[in-house]
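In: sequence unknown, structure follows:
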């Protein structure tokens, strides 16, 4: 297990259980106590957790982990979702991607789709995520349009008034929208700036497809991105409980599980 994987695993435990002891890290991850202490000290220095005697506990920042530490959570599910999303894309399409771990996977899968990789008819990707733009810029058959704004360290998303200036001037065919919560009322983001940019994306898109794993279903977050009647489809993993999918279908959302 690499250091990055260890740090991701430790933060996952912290978020899900509220805390962890060094002995738990040693037994779960198969590392020495000295390594566990160094990892906890590193994460504490980055203010991602609070060190305690013999371990660590969550702090207010832990629930908003930087993107680089969230990539491994629900990784298999996000890969399946991303491949299904990429299968919806054809050469010459214009699509939108906001920031997040799932949409980042969607971007990677789109770059691998042979049918879409036509330099003469490139897929145009409009995004406010600088990490997605960086990865796709060097790909054949993809044209990247980046909104302006101020980058957020947690999600690599550009937010603020500058990021919303370009969107009213363009039309997006399909928006693949990553969210931090979705229920029968609508889709949500934790940060109001990210929600505002997401809402601007929604207004200029013909079709809205929510891409998220089942852990976000039936939950809300601080800021509303859009109402459910604006969402065309939800693309999620097969672990989604039927009782959470039912209300979404009743709200008129097409549900696709993979």
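Out: Ah, there it is. What you are looking at is a predicted structure, and each value in this text was computed from that prediction instead of being measured.
In: which intervals of the chain have sub-threshold pLDDT?
Out: For the chain, the stretches flagged by pLDDT under 70 are 60-73, 114-117.
In: how's it carved up into domains?
Out: Following automatic domain parsing, one finds the domains of the chain at 3-70, 75-257.
In: from the ones you listed, which stretch is densest packed?
Out: Of those, the one with the most neighbours on average (mean count of other C-beta atoms under 10 Å) is domain 75-257, at a mean of 19. Every residue, glycine included, has its C-beta placed from N, CA and C.
In: gap between that domain and the chain center?
Out: Its chain's C-alpha centre and that of domain 75-257 lie 8 Å apart, by C-alpha atoms, centre = their mean, to the nearest Å.
In: Likewise for stretch 8-21?
Out: A distance of 19 Å separates the centroid of the chain from that of stretch 8-21, by C-alpha atoms, centre = their mean.
In: ok, now stretch 38-54?
Out: Put simply, stretch 38-54 sits 25 Å off its chain's centre (C-alpha atoms, centre = their mean).
In: Would you tell me what helix or strand the closest residue to residue 3 other than its chain neighbours is located in?
Out: Excluding its sequence neighbours, the residue lying closest to residue 3 (C-beta to C-beta, 6 or more residues apart in numbering) is residue 39, at 7.5 Å. Assessed by DSSP states H and E, residue 39 sits inside helix 33-45.
In: which residues are contacting that helix?
Out: Helix 33-45 is contacted by residues 3, 6-7, 10-11, 22-23, 25-26, 29, 31, 49-51, 55-56 when judged by C-beta atoms under 8 Å, 6 or more residues apart in numbering.
In: Just these: which are in strands?
Out: Applying DSSP state E to these, the entries found in strands are 50-51, 55-56.
In: Turn those residues into a markdown table, including distance to residue 120.
Out: Shown next, in a markdown table, are the ones in strands among the contacts of helix 33-45 (distance: C-beta to C-beta, whole Å):
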| residue | distance to residue 120 |
| --- | --- |
| 50 | 55 |
| 51 | 56 |
| 55 | 57 |
| 56 | 53 |
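In: Can you tell me which of these is nearest residue 221?
Out: residue 50 (22.9 Å; C-beta to C-beta).
In: Report the beta-bridge partners for the closest one.
Out: Judged by DSSP bridges, the bridge partners of residue 50 are residue 57.
In: That one touches residue 20, doesn't it?
Out: No - with contacts counted by C-beta atoms under 8 Å, residue 50 stays clear of residue 20, the gap being 11.4 Å.
In: what is in contact with these two at once?
Out: Counting by C-beta under 8 Å, 6+ apart, the residues touching both residue 50 and residue 20 are residue 56.
In: related to what we said a few turns ago, determine which two of the ones in strands among the contacts of helix 33-45 are furthest apart.
Out: Pairwise distances across the ones in strands among the contacts of helix 33-45 peak at 9.9 Å for 50 and 55 (criterion: C-beta to C-beta).
In: Mind listing residues that contact the helix or strand encompassing residue 235?
Out: Per DSSP H and E, residue 235 falls inside strand 233-236. Residues from elsewhere that reach strand 233-236 (C-beta under 8 Å, 6+ apart): 81, 84-85, 176, 182, 207-214, 217, 248, 253-258.
In: From those, which land in strands?
Out: Short answer: the contacts of strand 233-236 in strands (DSSP E) are 176, 182, 207-211, 254-257.
In: Same list, the residues you listed, but as TSV with distance to residue 128 please.
Out: Shown next, in TSV, are the ones in strands among the contacts of strand 233-236 (distance: C-beta to C-beta, whole Å):
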residue	distance to residue 128
176	13
182	19
207	18
208	16
209	17
210	17
211	15
254	25
255	26
256	24
257	27
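In: Name the nearest of those residues relative to residue 238.
Out: Residue 238 has its nearest neighbour among these in residue 257, at 4.8 Å by C-beta to C-beta.
In: Grab the nearest non-local neighbour of the closest one.
Out: residue 238 is the one closest to residue 257 (C-beta to C-beta, 6+ apart), at 4.8 Å.
In: on that earlier part again, out of the ones in strands among the contacts of strand 233-236, which one sits closest to residue 126?
Out: Closest to residue 126 out of the ones in strands among the contacts of strand 233-236 is residue 176 (10.8 Å), distances taken as C-beta to C-beta.
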